[in-house]
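>>> Test case, fold it:
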Amino acid sequence: MRFNTHVRTAGNALFNWWKAVTIEAICVAIMWWIGLFFIHVPLAPLWALIGGVMTFIPNFGGVITVIFPVLTVLFTGHDLYRLALVLGLYAVIVVVDQLVLQPLLMKRMNRVPVLVSIFVPILLGFIIPFWGILLAPPLLAVVYAFRRPRSQP
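Numbering: from 1, shown residues only. Predicted structure coming up:
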């Protein structure tokens, strides 16, 4: 196979990964907006938009996202019960996103098996602490793109 074919295969895999992450970001933003709306957190659409954008930063984006609604609840004088609801919403969104949404989208868009997309980022996080977690999903997309059966010309 020629170099152009390899570049095209890797490029298509990364594009499909980007599409999967974009769909994931939209779903996460919708979950944040619905949850914050029902908890009555001020500026819920803004925090949901930030949550969707932060989805592009694996594992750390969720932590950055939850800071803003927590500070909003604290500074607007709401009770600790509402703060606990925001933190509970964060936990639910992280679990749904990391264990359901992301693996299923990776399987659908890039044909990466669900268990592989769950455990490889954890494994690479131990091997290469920050970069392993960050680079695992696009690397998996590229690796599994080259594992697909090729049609003969």
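>>> Next, the buried residues of the helix ranked longest in the chain.
Longest helix in the chain, counting residues (DSSP state H): helix 3-39. Within helix 3-39, the residues that count as buried by 16 or more other Cβ atoms under 10 Å are 9-10, 13-14, 16-17, 20-21, 24-25, 27-29, 31-33, 35-36, 39. Any C-beta I mention is one placed from the backbone N, CA and C, and that applies to glycine too.
>>> what about that helix, average pLDDT?
Taken as a whole, helix 3-39 carries a mean pLDDT of 92.
>>> after that helix comes which helix or strand?
helix 44-54 (DSSP states H and E).
>>> Can you give me the buried ones in that next one?
44, 47-48, 50-52, 54.
>>> now do stretch 78-87
Residues of stretch 78-87 classed as buried by neighbour count (16+ other Cβ under 10 Å): 78, 82-83, 85-86.
>>> Point out the least confident one among these.
His78 (73).
>>> Phi, psi for it please.
phi -70, psi 160 (degrees, to the nearest 10).
>>> Trp33 versus that one, what's the distance?
Relative to Trp33, His78 is positioned 18 Å away (Cβ to Cβ, to the nearest Å).
>>> How many neighbouring residues does Leu139 have?
Look at Leu139: counted by other Cβ atoms under 10 Å, it has 17 neighbours.
>>> Likewise for Leu140?
Per other Cβ under 10 Å, the neighbour tally for Leu140 reads 21.
>>> rewinding a little: tell me what the longest helix of the chain is packed against?
With contacts taken as 3 or more Cβ pairs under 8 Å, 6 or more residues apart in numbering; DSSP states H and E, helix 3-39 sits against helix 44-54, helix 80-96, helix 102-110, helix 129-147.
>>> Could you tell me the angle between the longest one and helix 102-110?
Per axes from the mean of the first three to the mean of the last three Cα atoms, to 10 degrees, the angle that helix 129-147 makes with helix 102-110 is 40 degrees.
>>> just how off-centre is helix 129-147 within its chain?
13 Å (Cα atoms, centre = their mean, to the nearest Å).
>>> Next, the buried residues of that helix.
132-134, 136-142, 144-145.
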